[in-house]
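>>> sequence-free structure coming up:
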């Protein structure tokens, strides 16, 4: 129905929600804020185990006799599991594995220096309990420094068994917040989807972030 399509398109433009995209082996998808992607490979095969790589770089401070230096910023990646709106579990530097074993955190990075992922969280989608409807990935600043001192914050979706990057979401510029809601993985109509979020919150650890995550839950 052309009329329905036009109405849907108008609604999408009104709310500025980017269209859902598909994953492809040819090249990683670059996600926009709010964009969604179904966690299926080419041919419609569902992903089983994913890695969420989260990274950032400290902003270099200019000046001084020896030139620029980087600030020492300790950021922490966490994954919070929800059954509807009820908090079910959390995986972070203090608990590197969910109680059901479906999510594993590779460990804490204290500086953000170096190339690639700074922290990695692996999710076995086949082992996530049926009552868990969404997993929210956040990054928080343990010492309370804001993301104005952080550059190139990103999260990327990796097909864990083969190690190939499927999608990436990069935030541009620093924000005056101590936490970021980066993305969520959630169930929709029997399949898993990923949504890029990129919103700032005031939270130095997952416990402080928890009350602020209600708007992102189904």
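Good, I have the coordinates. Every value quoted in this text rests on a predicted model; they were computed, and no experiment measured them.
>>> Strands of the protein, residue ranges please.
29-30, 36-38, 49-58, 60-61, 69-70, 75-83, 86-91, 103-105, 119-124, 134-141, 150-159, 164-170, 179-188, 191-201 (DSSP state E).
>>> Could you work out which of these reaches nearest to residue 20?
Judged by C-beta to C-beta, the one of the strands of the chain that comes nearest to residue 20 is strand 36-38, at 4.6 Å. Every C-beta, even on glycine, is put in place using the N, C-alpha and C of the backbone.
>>> Buried residues, that closest one. List them.
Neighbour counts over strand 36-38 (16 or more other C-beta atoms under 10 Å) mark 36-38 as buried.
>>> Now flag whichever of these is closest to residue 100.
residue 38 (23.4 Å).
>>> Excluding chain neighbours, what is closest to the closest one?
Spatial nearest neighbour of residue 38, excluding adjacent residues (C-beta to C-beta, 6 or more residues apart in numbering): residue 193 at 5.2 Å.
>>> And the one you found, what's its pLDDT?
You'll see residue 193 listed with a pLDDT of 95.
>>> what's the answer for residue 115, then?
Reading off the model, residue 115 has pLDDT 53.
>>> Repeat that for the one 4 residues further on.
We note a pLDDT of 91 for residue 119 in this prediction.
>>> and if you look at residue 105?
96.
>>> what do you get for residue 188?
94.
>>> I'd like to know how far it sits from residue 39.
Distance of residue 188 to residue 39, computed by C-beta to C-beta, to the nearest Å: 10 Å.
>>> out of those two, which sits in the busier spot?
residue 39 (21 against 13; other C-beta atoms under 10 Å).
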